[in-house]
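In: Kindly return the folded structure for what I paste below:
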Amino acid sequence: MRNWTAVIPVKRLNAAKTRLRGAVPADRHPELALAMVRDTAAAVLAASSVARLLVVTDDPEVGAAVRELGAGVVPDPGGGLNAAMRFGADEAAGLSANRAVLAGDLPALRPGQLDEALAGVSGRGFVPDAAGIGTVLLAARAGWSLDPRFGGPSAAAHAESGATVLHGDWPGLRQDVDTAADLDSVLTLGAGRRTCGLLRELGRATECAPAA
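Out: Sure, this is the predicted structure:
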């Protein structure tokens, strides 16, 4: 049943993924950031539990790209990542909806993994990243405030705030991309076609595992 609204906040491309700089030539870095956003958005929209996707961004290129995929776009209210998530989930989507916020750098995400994670949400729940330190997904059922606490050791912060840890075999959901090593990990898992295609063009990957 498509009963979730997903929200992805995305910075302007020229300011995105600073820790990843150097993994590809500097002039292609914005393309890599956008390719990962597009692959993430495509996987989210393909999930059978997701009714709509809202992308919170002030970057016109990001907005145009995700609209082509079928996502809606709302302006970034300013105030940082958590403010963008609160605005997208609690205001733009509304507390009457089931809402899930995701990182925009999950190019190995499989739709079924997202469906399984969301099915396990009772009240408010989250999925830690592959390192167990950050958070890649925070979800709140209708009537629950999202209360995002991203940044730094956010997995511990979300647990301390009362959100439930969601457990499952979801490597593509848990593997976000902050470093060049993370990029190698998603290639092994099977990056989406946009990310994989760009990295093959740049000689960063000779082949990619097939994406679902």
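In: Tell me how far Pro30 lies from Leu106.
Out: When distance is defined by C-beta to C-beta, to the nearest Å, Pro30 is 18 Å away from Leu106. (Glycine included, C-beta is placed from N, CA and C.)
In: Skipping adjacent residues, who's closest to Gly132 in space?
Out: In this structure, Gly132 finds its nearest non-sequential neighbour in Ala155, 6.2 Å apart by C-beta to C-beta, 6 or more residues apart in numbering.
In: now do Leu198
Out: Using C-beta to C-beta, 6+ apart, the closest residue to Leu198 is Ala35 (4.9 Å).
In: Could you verify my assumption that that neighbour touches Glu201?
Out: No - using C-beta atoms under 8 Å, Ala35 is not in contact with Glu201, being 10.4 Å away.
In: follow-up on the earlier one: what residues does the helix or strand harbouring the residue nearest to Gly132 touch?
Out: Assigned by DSSP states H and E, Ala155 belongs to helix 154-160. Helix 154-160 has contacts (C-beta atoms under 8 Å, 6 or more residues apart in numbering) with Phe126, Pro128, Asp129, Gly132, Ile133, Gly134, Thr135, Leu138, Arg149, Val165.
In: Looking at these, which is nearest Ala97?
Out: Leu138 (14.5 Å; C-beta to C-beta).
In: show me the contacts for the nearest residue to that closest one once chain neighbours are set aside.
Out: Closest residue to Leu138 apart from its sequence neighbours, by C-beta to C-beta, 6+ apart: Phe126 at 4.6 Å. By C-beta under 8 Å, 6+ apart, the contact list for Phe126 reads Thr135, Leu137, Leu138, Ala139, Ala155, His158, Ala159, Ala163, Thr164, Val165, Leu166.
In: now the strands for the chain?
Out: Using DSSP state E, the strands found in the chain span residues 4-9, 50-56, 72-74, 98-102, 124-128, 135-140, 164-165.
In: Can you list the strands that the first one pairs with?
Out: Using DSSP bridges, the strands paired with strand 4-9 in its sheet are strand 50-56 (parallel), strand 98-102 (parallel).
In: and those strands, which is most packed in?
Out: Of all the strands paired with strand 4-9, strand 98-102 has the most neighbours on average by mean count of other C-beta atoms under 10 Å, namely a mean of 27.
In: which stretches of the protein aren't confidently modelled?
Out: For the chain, applying pLDDT under 70 flags the ranges 206-212.
In: quick one: the longest helix seen in it to strand 4-9, angle?
Out: When the chain is parsed with DSSP state H, its longest helix is helix 29-46. Relative orientation of helix 29-46 versus strand 4-9 (axes from the mean of the first three to the mean of the last three C-alpha atoms, to 10 degrees): 170 degrees.
In: so what does helix 29-46 touch, helix or strand wise?
Out: strand 4-9, strand 50-56, helix 60-69, helix 111-119, helix 193-201 (3 or more C-beta pairs under 8 Å, 6 or more residues apart in numbering; DSSP states H and E).
In: And the last one, how far out from the chain middle?
Out: Translated: helix 193-201. On the basis of C-alpha atoms, centre = their mean, to the nearest Å, helix 193-201 sits 18 Å off its chain's mean C-alpha point.
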